[in-house]
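Q: dropping the sequence and predicted coords here.
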Amino acid sequence: MSKTWRPATQLVHGGTLRSQYGETSEAIYLTQGFVYDTSEAAEARFKGETDGFIYARYGSPTNDMFEKRMCALEGAEDARATASGMAAVAAAVLCQVKAGDHIVAARALFGSCRWVVETLAPKYGVECTLVDGRDLANWEKAIRPNTKVFFLESPTNPTLEVVDISGVAKLANQVGAKLIVDNVFATPLFQKPLELGAHIVVYSATKHIDGQGRCLGGVVLADKAWIDENLHDYFRHTGPAMSPFNAWTLLKGIETLPLRVRQQTENAAKIADFLAEQGKVAKVIYPGRKDHPQAEIIAKQMTGGSTLVCFELKGGKEAAFALQNALEIIKISNNLGDSKSLITHPATTTHKNLTEEARAELGISPGTVRLSAGIEDTDDLIEDFARALTKVSA
Ligand SMILES: *Cc1c(COP(=O)(O)O)cnc(C)c1O
């Protein structure tokens, strides 16, 4: 593996660990344990004097390939693959805080991420302040002497707001706190949080990295010192490890990540432009469009648009439901990043647990719809929307 390889090459070859059989495709090592030639060898392995695997909860060869490939892509020193995106988020947050610490997080977070910082962490004596992450002044105001962690997602779900990552990273550095970025919506191709100054990056690999709707997975990436000091023991002893079978599926998925994300982004951009022209659509939010309210920050920190489009129908919930029900190719599903185009109505699905007021703060109205563009033919998708819009009254 070479550090100079470009992403598309890293994603096909990075981290590959060939067995004595010289297999082309990565092997699945579906094993719980490992055997040692001698008692002395076992002792040395446990002492850390020799390299090698001990137990699959700690690490295993297929997972190791996936972690190394993700490190190569992200430019991270080390990583841990987890059973789901939420296992990655929970591990990244909880492994580094103790009672009396304080977290500052953007309020526009994936629902379960918000629950971890807003509801779970306080149960253990870790306080959390949620801020409107779009304005750096809000982050600064929320800082306390005991602030240990900053947490954000950018672009956000579902309204595709962005947060100035390097601005928040600077604030974190001023107070010795760590910034965790959930980079799912940007994908590892279009945004490099570590280069922007973030300390820890998390992914739900369930989304674009699998990209074909098969299995759950997650990953935490950071520098080796942080992982050794914080995540290493937490990961071993609480057991969020990914199944080697899922690691293998994700290794295969990630090979085609650039091809899929490129097509998805192209589709999303064209659909966003099409929707913006439609009389029944009140507004379109898409990070690749010049009319995005934060286009300047996007130009500074992202190298591509997004595979997601958020838009609002003038006719509210009734119109949103009618549109979704009339689509033929695009499926109704709360998942995202899939090669199939998926559409969801956040107010009644992903964000139904928030109060109406909290939804309004995030810009989610009864007419808000989120599209995750797939890899289908662009014209078929646009025709699907055009046909379905005729079924929407008002
Ligand atoms: C899906 C998602 C998660 C959670 O990932 P799972 O794999 O479903 O556990 C976290 N953050 C964001 C932004 C997501 O989209």
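A: Structure's in. What do you need? Residues are numbered from 1 along each chain as shown.
Q: where does the stretch 251-394 of the chain dip in pLDDT?
A: Within the stretch 251-394 of the chain, no stretch falls below the threshold (pLDDT under 70).
Q: for the ligand, give me its nearest residue in it.
A: residue 336 (6.2 Å; CB to the nearest ligand atom). Just so you know, the C-beta spots here come from the backbone N, C-alpha and C atoms, and that holds for glycine as well.
Q: near that residue, how many other residues are there?
A: 25 (other CB atoms under 10 Å).
Q: and it, how far from residue 350?
A: Here residue 336 is placed at a distance of 9 Å from residue 350 (CB to CB, to the nearest Å).
Q: also residue 163?
A: In this structure, residue 163 and residue 350 are 19 Å apart, going by CB to CB.
Q: which of the two has more neighbours?
A: The neighbour count for residue 163 versus residue 350, taken as other CB under 10 Å, is higher for residue 163 (25 against 20).
Q: where does that one sit: helix, strand or coil?
A: For residue 163, the assignment made with DSSP: H, G, I helix; E, B strand; the rest coil gives coil.
Q: roughly how far does it sit from the ligand?
A: Separation of residue 163 from the ligand (CB to the nearest ligand atom, to the nearest Å): 13 Å.
Q: residue 147 touches residue 175, doesn't it?
A: Yes. Between residue 147 and residue 175 a contact is recorded at 5.6 Å, counting by CB atoms under 8 Å.
Q: give the residues shared as contacts by these two.
A: Both residue 147 and residue 175 lack any common contact, where contact means CB atoms under 8 Å, 6 or more residues apart in numbering.
Q: the closest residue to the ligand within the chain: neighbour count?
A: In the chain, the residue that lies nearest the ligand is residue 85 (2.2 Å; CB to the nearest ligand atom). Per other CB under 10 Å, the neighbour tally for residue 85 reads 24.
Q: mind listing what it touches?
A: Contact analysis of residue 85 by CB under 8 Å, 6+ apart lists 184, 202-207, 216-218.
Q: mind checking which of those residues land in strands?
A: Among the contacts of residue 85, DSSP state E puts 202-204, 218 in strands.
Q: my read: residue 283 touches residue 314, true?
A: No. Assessed by CB under 8 Å, residue 283 is found out of contact with residue 314, at 9.4 Å.
Q: got the contact list for the residue nearest to the spatial centre of the chain?
A: Of all residues in the chain, the one closest to the mean position by CA atoms, centre = their mean is residue 184, 2.1 Å from it. Contacts here follow CB under 8 Å, 6+ apart; on that basis residue 184 touches 85, 110, 153, 203-204, 207-208, 337.
Q: continuing past the biggest helix by length in the chain, what's the next helix or strand?
A: In the chain, taking DSSP state H as the definition, the longest helix is helix 257-276. Per DSSP states H and E, the first helix or strand lying C-terminal to helix 257-276 is strand 281-285.
Q: name the helices or strands packed onto that following strand?
A: Strand 281-285 sits against helix 257-276, strand 308-313, with contacts defined as 3 or more CB pairs under 8 Å, 6 or more residues apart in numbering; DSSP states H and E.
Q: residue 321 contacts residue 347, doesn't it?
A: No. With contact defined as CB under 8 Å, residue 321 does not reach residue 347; the gap is 10.7 Å.
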